[in-house]
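**Student:** Compute the structure for the input listed below.
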Amino acid sequence: MDRIDAMRAFVTTVNENGFAAAARAMDVPRSKISKQIQALEEDLGVQLLQRTTRSLHLTEAGAEYYEAVREVLASVDEAEQRARSGLGEARGVLRVNAPMSFGLRKLGPLIAQFHQQHPQIELQLVLSDQQVDPVRGGFDVTIRIASLADSSMVAKQLAPAPRVLVASPDYLARHGTPQVPRDLTAHACLNYGYLQSGVSLQLSNGKDTQRVHVTGPLHANNGDLLATAAEGGMGIALLPAFIVEDALAAGRLVAVMCDWQAPPIGIHAVYPSARRVPQKTRAFIDFMVAQLAPSA
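**Tutor:** Numbering: from 1, shown residues only. I've put the predicted structure just below:
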């Protein structure tokens with residue numbers, strides 16, 4: 001068994017979510033992929049994948065092995081690329097996952113510039129508002145806009161992501177303008193997520209912190225959709241400033257309760273923990289930090 005080839009077969013099978021898809025990606029027979037992974041499992045003495053007729057899933061041991069093997073293969077690939085080029089230029093396939101609104105509004109306009117600076121990197125960008133598992137998804141970098149919990153992944157803040165409460169002038173004319181957090185309980189709030197029983201908002205003015213339970217007619221997992229609904233007079237929404245900055249400038253939305261702020265969140269690049277971060281990953285993160293810097 002060629003261990004490196006078997007590792008590649010295993011990682012590709014996880015990334016492609018199936019033997020047949022992995023075989024197509026590697027341009028080899030399906031039977032070869034299956035035999036390589038079986039030989040790998042026998043050699044390791046553990047089961048890496050749970051197979052069913054319709055899907056496969058990583059075992060606990062498989063998930064740990066997958067993260068370690070990805071790091072090994074990334075190092076091997078980078079070493080080979082450096083040897084071939086002799087220039088140390090960042091290159092290879094970089095898989096990036098990002099939220100839909102951020103991808104379209106911020107990342108999309110920067111792709112051409114990134115390509116100009118790093119023409120040897122092939123960027124595979126997947127936009128999704130689902131909370132994906134970076135390991136199972138096979139992503140080198142995942143962009144998350146949140147206050148991050150502890151995890152085995154490394155997170156680097158690219159930029160702050162201030163949020164603002166907004167509503168349309170029409171909505172405020174009809175329902176009045178809230179002045180303090182408790183006023184929001186009497187308003188229609190447009191909330192991120194699917195908590196049908198309502199959402200608890202924490203707001204602070206620097207001296208006092210209050211938590212209020214708000215409800216409303218719409219729950220969604222996309223900020224642009226909530227912003228559009230707010231522009232249509234449907235209610236008040238708490239959204240990242242980068243989503244609503246154009247609507248605020250044009251007067252389609254109005255910021256309310258500006259003295260009260262939600263807890264700070266940031267735009268983060270999340271990537272697997274590794275002793276040596278691949279050059280292509282470092283290049284992308286450094287580029288995004290430079291582009292999203294508040295002074296830029």
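**Student:** Please make it C-alpha for all contacts and neighbour counts, starting now.
**Tutor:** OK.
**Student:** Can you get me a residue count around Ile265?
**Tutor:** Ile265 has 18 neighbours, counted by other Cα atoms under 10 Å.
**Student:** Surely it is in contact with Pro160?
**Tutor:** Yes: contact criterion Cα atoms under 8 Å: Ile265 and Pro160 qualify, at 6.4 Å.
**Student:** Quickly list what's touching both of the two.
**Tutor:** In terms of Cα atoms under 8 Å, 6 or more residues apart in numbering, Ile265 and Pro160 are not both contacted by any residue.
**Student:** residue boundaries of the strands in the stretch 51-200 of the chain?
**Tutor:** Using DSSP state E, counting those that start in this stretch, the strands assigned to the stretch 51-200 of the chain run over residues 56-58, 92-98, 121-127, 141-146, 153-160, 163-167, 189-192, 199-204.
**Student:** what number of residues lie near Gln202?
**Tutor:** As a burial measure, Gln202 scores 15 neighbours (other Cα under 10 Å).
**Student:** and it, what does it touch?
**Tutor:** Going by Cα under 8 Å, 6+ apart, Gln202 touches Thr209, Gln210, Arg211, Val212, Ala262, Pro263.
**Student:** Across the sheet, point out what pairs with it.
**Tutor:** Per DSSP bridges, the residues bridged to Gln202 are Arg211.
**Student:** need the helices for the stretch 1-150 of the chain, in chain order.
**Tutor:** For the stretch 1-150 of the chain, helices defined by DSSP state H, counting those that start in this stretch occupy the ranges 3-16, 19-26, 30-44, 60-85, 100-102, 111-117, 134-137.
**Student:** could I get those as CSV with mean neighbour count?
**Tutor:** As requested, these are exported to CSV (neighbours: other Cα atoms under 10 Å):
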stretch, mean neighbour count
helix 3-16, 20
helix 19-26, 18
helix 30-44, 17
helix 60-85, 15
helix 100-102, 20
helix 111-117, 13
helix 134-137, 18
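**Student:** Save the ones you listed as TSV, and put in mean pLDDT and distance to Leu125 too.
**Tutor:** Converted to TSV, the helices of the stretch 1-150 of the chain look like this (pLDDT from 0 to 100; distance: least, Cα to Cα, whole Å):
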stretch	mean pLDDT	distance to Leu125
helix 3-16	89	14
helix 19-26	88	17
helix 30-44	90	26
helix 60-85	79	18
helix 100-102	94	11
helix 111-117	94	10
helix 134-137	77	12
